[in-house]
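Student: Sharing a model prediction with you, sequence too.
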Amino acid sequence: MREESSKASGPAPAGTDFEAGVVALSALAEPARRALYGFVARQSEPVSREQAAVGAGVAVHVAKFHLEKLVDDGLLDFEYRRPPERRGPGAGRPAKVYRRSQREISVTLPGRRYEFAGRLFAQAISDAERGGVPVSVSLQRTAREAGRALGETARRRAGPRRGRSAGRATALQALEECGYEPHTDPGGVSLVNCPFHSLAQDYTDLVCGVNLDLMRGLLEGLGRTGLEARLDPGPGRCCVRLSDSIEDDPGATPRAGSTTDR
């Protein structure tokens, strides 16, 4: 069992992540709101409505409205704080102050998952140093385990199911949430988008291997799907293809050498 408490978690669901990111970033299209956010974000301490209004060059009532919208959209956080000079009885109620939210927002078209890739690589390097194994072996294992965890999560969420068709439907949903944009075609499933596209351009063998191990782990975690992950690079799509398998449950008992057959 690994000692490290923080493992590479799966990428955030594509639909939910994308929609939330678009809503949050669209809030900054309004000039006054963008100015207020920029002022608050540059401060080392939370600021009041009055301070934000002066810093952004808007009226206080305008600042109040837009600051609250930024809070609603998850771009700002707030707290109540009494100014240092106002202490003791009669000091009045604490004032509402604002600071930049710790939430990270990223929207990419097509969907990319570079943070997830970074976590995979970081964990693999850490495990390799701790276990005294080559980084390539550790990365292969890490990607496989991450994929298996994604598959198991999707399987639990789907609940009881019967047959390959239900398993395949669960697989397609999981792949969509991970940003792969799966398209069913004769003979299997093509993955139209690679969530690690830019990395794959510069480190093709490495990233394609990670994708393959992720997909194999995902299918193992899902159980019976009637699909098998294979390298099948082509223009305009991911290097991995999920082909129809003649095996009843290809993920349950991987064939010898299947994790390194690239």
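Tutor: Done, it's in.
Student: How about the contacts made by the residue lying closest to Ala41 once chain neighbours are set aside?
Tutor: For Ala41, ignoring the flanking residues on the chain, the nearest one in space by C-beta to C-beta, 6 or more residues apart in numbering is Arg100 at 4.4 Å. Every C-beta, even on glycine, is put in place using the N, C-alpha and C of the backbone. Shown in contact with Arg100 (C-beta atoms under 8 Å, 6 or more residues apart in numbering): 37, 40-41, 75-77.
Student: out of those residues, which are buried?
Tutor: Those of these that meet the buried threshold are 37, 40, 75-77, by 16 or more other C-beta atoms under 10 Å.
Student: Now go through those residues and say which are in strands.
Tutor: Members of the buried ones among the contacts of Arg100 lying in strands (criterion: DSSP state E): 76-77.
Student: one step back: from the contacts of Arg100, pick the one nearest Ala166.
Tutor: For the contacts of Arg100, the closest approach to Ala166 (C-beta to C-beta) belongs to Leu75, at 40.0 Å.
Student: close enough to count as contact, that closest one and Leu36?
Tutor: No: judged on C-beta atoms under 8 Å, Leu75 makes no contact with Leu36 at a distance of 9.9 Å.
Student: which stretches of this protein have low pLDDT?
Tutor: For the chain, applying pLDDT under 70 flags the ranges 1-18, 83-92, 106-110, 161-162, 246-262.
Student: Map the structural domains onto the sequence of it.
Tutor: The chain is divided into the following domains under automatic domain parsing: 14-100, 114-244.
Student: Quick one: end-to-end length of the last one, please.
Tutor: From the first residue to the last, domain 114-244 extends over 29 Å; the measure is C-alpha to C-alpha, to the nearest Å.
Student: Return the most buried member of the domains of the chain.
Tutor: Sort those by mean neighbour count, taking mean count of other C-beta atoms under 10 Å, and domain 114-244 sits at the top with a mean of 19.
Student: starting at the chain centroid, how far to the helix or strand that contains Ala146?
Tutor: Secondary-structure assignment from DSSP states H and E places Ala146 in helix 135-158. Chain-centre distance of helix 135-158: 14 Å, with C-alpha atoms, centre = their mean, to the nearest Å.
Student: Now do that helix: everything it contacts.
Tutor: 7-10, 120-121, 123-125, 127-128, 131, 166, 170-171, 173-174, 177-178, 206, 209-210, 213-223, 251, 259-260.
Student: Stretch 48-61 now?
Tutor: 32, 35-36, 38-40, 47, 62-64, 66-67, 95-98.
Student: Asp232 contacts Arg241, doesn't it?
Tutor: Yes: in this structure, Asp232 is within contact of Arg241 by C-beta under 8 Å, at 3.9 Å.
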